[in-house]
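Chemist: My questions are about this predicted structure, shown below with the sequence.
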Amino acid sequence: MTPTYDLNDATTIPAIGFGTYPLRGEDGTAAMVSALEAGYRMLDTAVNYENEAEVGEALRRSGLPRDEVVVASKIPGRHHAYDDAIASVRGSLERLGVERTDLHLIHWPNPSQGKYVEAWRALVRLQADGLVRSIGVSNFTEEHLTRIIDDTGVVPAVNQVELHPRFPQARMREVHDRLGIRTEAWSPMGKRRAPLGESAVADAAEAHGVTPGQVILRWHVQLGSLPIPKSADPQRQRQNLDVFGFELAGEEMDAISALAEDDGRLFGGDPDTHEEM
Ligand SMILES: NC(=O)C1=CN([C@@H]2O[C@H](COP(=O)(O)OP(=O)(O)OC[C@H]3O[C@@H](n4cnc5c(N)ncnc54)[C@H](OP(=O)(O)O)[C@@H]3O)[C@@H](O)[C@H]2O)C=CC1
Ligand SMILES: O=C(O)C(=O)[C@@H](O)[C@H](O)C(=O)CO
């Protein structure tokens, strides 16, 4: 069974989740069912992935008890106004076919709109009403975090940020540790720029008798970062979850972190300027 982290709201969450973007349609549902069969107990979706119905269907098809799987979704930029955020979550619940999500995030802060505080107030309300279990954010900077915490007194349980060997987010991990927020990593492999062939990764894979993908995910685990790798391939799905039987040495960890690049973001997704509706 996958180890778990305790969140700041006294709930727990698996140490590795399954990313569902861009899985859609029957093939997408089948890939999600296969992930649940492989042992994943957290599915990460979003309104903007247009696959919440598939996530709900996979959950039901898996036959797993509802309370064994963390279902996580996200409010898009166009739904930040308070009433829209409430309606957005209700819409997600309907498409997912569940009575409550286990984690709900604000997808991007979109600071030029200036409404992410309203979306956060809505999530605080929805949590009090029992429609979402844990609440968090995604792509928030320290400034955005400070604003919502100062406004409501409620600290997000997680912040899901871009984090991979090309962009290890040392500063945001420190901020999260100080505030008691769990760091969650999107594009944890580095997607198309995954450094699978770099010697820091390949040498460690050979030394431990695992695959390069497993080395990268183990690096996340040892950083305390919760990765949500996406794979449509059942064998890679299983490998990506099977990273708790070996340990990287300090030098191996440092060599992977040294793959960081000055402009290591995958598509220029700086949350101060990149906005998604
Ligand atoms: N909050 C946000 O703003 C964002 C959130 N996300 C979330 O993060 C999730 C994961 O991010 P994503 O961008 O998909 O990037 P990942 O880093 O998870 O990379 C996915 C790619 O890596 C391949 N892959 C997976 N496992 C392995 C392996 N062991 N060895 C080699 N290749 C592998 C997959 O191919 P294959 O399927 O063929 O295995 C796929 O092409 C998304 O699904 C989404 O849920 C993503 C972007 C932004
Ligand atoms: O997948 C997500 O959650 C996103 O926020 C998008 O930015 C996505 O990564 C994308 O479309 C990148 O081009």
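Modeler: Ah, there it is. Numbering: from 1, shown residues only. Ligands and ions are numbered 1, 2, ... in the order given.
Chemist: now the closest residue to ligand 2 within the chain, nearest residue through space, not along the chain?
Modeler: Nearest residue of the chain to ligand 2 (CB to the nearest ligand atom) works out as Tyr21 at 4.4 Å. (Each C-beta comes from the backbone N, C-alpha and C, glycine too.) The shortest distance from Tyr21 to any non-neighbouring residue, by CB to CB, 6 or more residues apart in numbering, is to Tyr49 (4.6 Å).
Chemist: In a strand, Ile13, correct?
Modeler: Yes: assigned with DSSP: H, G, I helix; E, B strand; the rest coil, Ile13 falls within a strand.
Chemist: wouldn't it be in contact with Thr2 here?
Modeler: No: using CB atoms under 8 Å, Ile13 is not in contact with Thr2; the gap is 10.0 Å.
Chemist: For these two, indicate the residue with more neighbours.
Modeler: Ile13 (25 against 16; other CB atoms under 10 Å).
Chemist: so what's the more buried one bridging to?
Modeler: Tyr5 (DSSP bridges).
Chemist: Low-confidence bits of the stretch 101-250 of the chain, can you list those?
Modeler: By pLDDT under 70, the stretch 101-250 of the chain contains no weakly predicted segment.
Chemist: can you map out the helices along it?
Modeler: Along the stretch 101-250 of the chain, the segments classed as helices by DSSP state H, counting those that start in this stretch run 116-128, 142-152, 170-179, 199-208, 212-223, 234-241, 250-257.
Chemist: Same list (those) but as CSV, adding distance to Arg66 and mean neighbour count.
Modeler: Listed next are those as CSV, based on distance: least, CB to CB, whole Å; neighbours: other CB atoms under 10 Å:
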stretch, distance to Arg66, mean neighbour count
helix 116-128, 18, 21
helix 142-152, 28, 16
helix 170-179, 29, 15
helix 199-208, 36, 17
helix 212-223, 26, 22
helix 234-241, 21, 19
helix 250-257, 37, 16
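Chemist: Residues of the protein that sit close to ligand 1?
Modeler: 19-21, 44, 107, 138-139, 160, 186-191, 194, 196, 211, 213, 228-233, 236, 239-240 (CB under 6 Å from any ligand atom).
Chemist: Just the buried ones among those, please.
Modeler: 19-21, 44, 107, 138-139, 160, 186-191, 194, 196, 211, 213, 228-231, 236, 239-240 (16 or more other CB atoms under 10 Å).
Chemist: Identify those among the residues you listed that sit within strands.
Modeler: If you go by DSSP state E, these have Gly19, Asp44, Ser138, Gln160, Trp186 in strands.
Chemist: and the residue lying closest to the third one once chain neighbours are set aside, what are its bridge partners?
Modeler: Think Ser138. In this structure, Ser138 finds its nearest non-sequential neighbour in Gln160, 4.0 Å apart by CB to CB, 6+ apart. Counting by DSSP bridges, Gln160 forms beta bridges with Ser138, Glu184.
Chemist: Could you pull up the residues touching Asn6?
Modeler: Careful, residue 6 is Asp; it's not Asn. Thr12 (CB atoms under 8 Å, 6 or more residues apart in numbering).
Chemist: one more time with 10 Å, if that's ok
Modeler: For Asp6, the contact set (CB atoms under 10 Å, 6 or more residues apart in numbering) comprises Thr12, Ile13, Ala157, Arg182.
Chemist: Now do the contacts for the residue nearest to Tyr21.
Modeler: Contacts for Tyr49 (CB under 10 Å, 6+ apart) come out as Gly19, Thr20, Tyr21, Pro22, Leu23, Arg24, Gly28, Val55, Ser73, Lys74, Pro76, His107.
Chemist: Tell me the one of these nearest ligand 1?
Modeler: For these, the nearest to ligand 1 is Gly19 (2.4 Å; CB to the nearest ligand atom).
Chemist: which ones are touching the nearest residue to Leu126 once chain neighbours are set aside?
Modeler: Spatial nearest neighbour of Leu126, excluding adjacent residues (CB to CB, 6+ apart): Val132 at 4.9 Å. With contacts defined as CB under 10 Å, 6+ apart, the neighbours of Val132 are 71-73, 89, 92-93, 100-105, 122-126.
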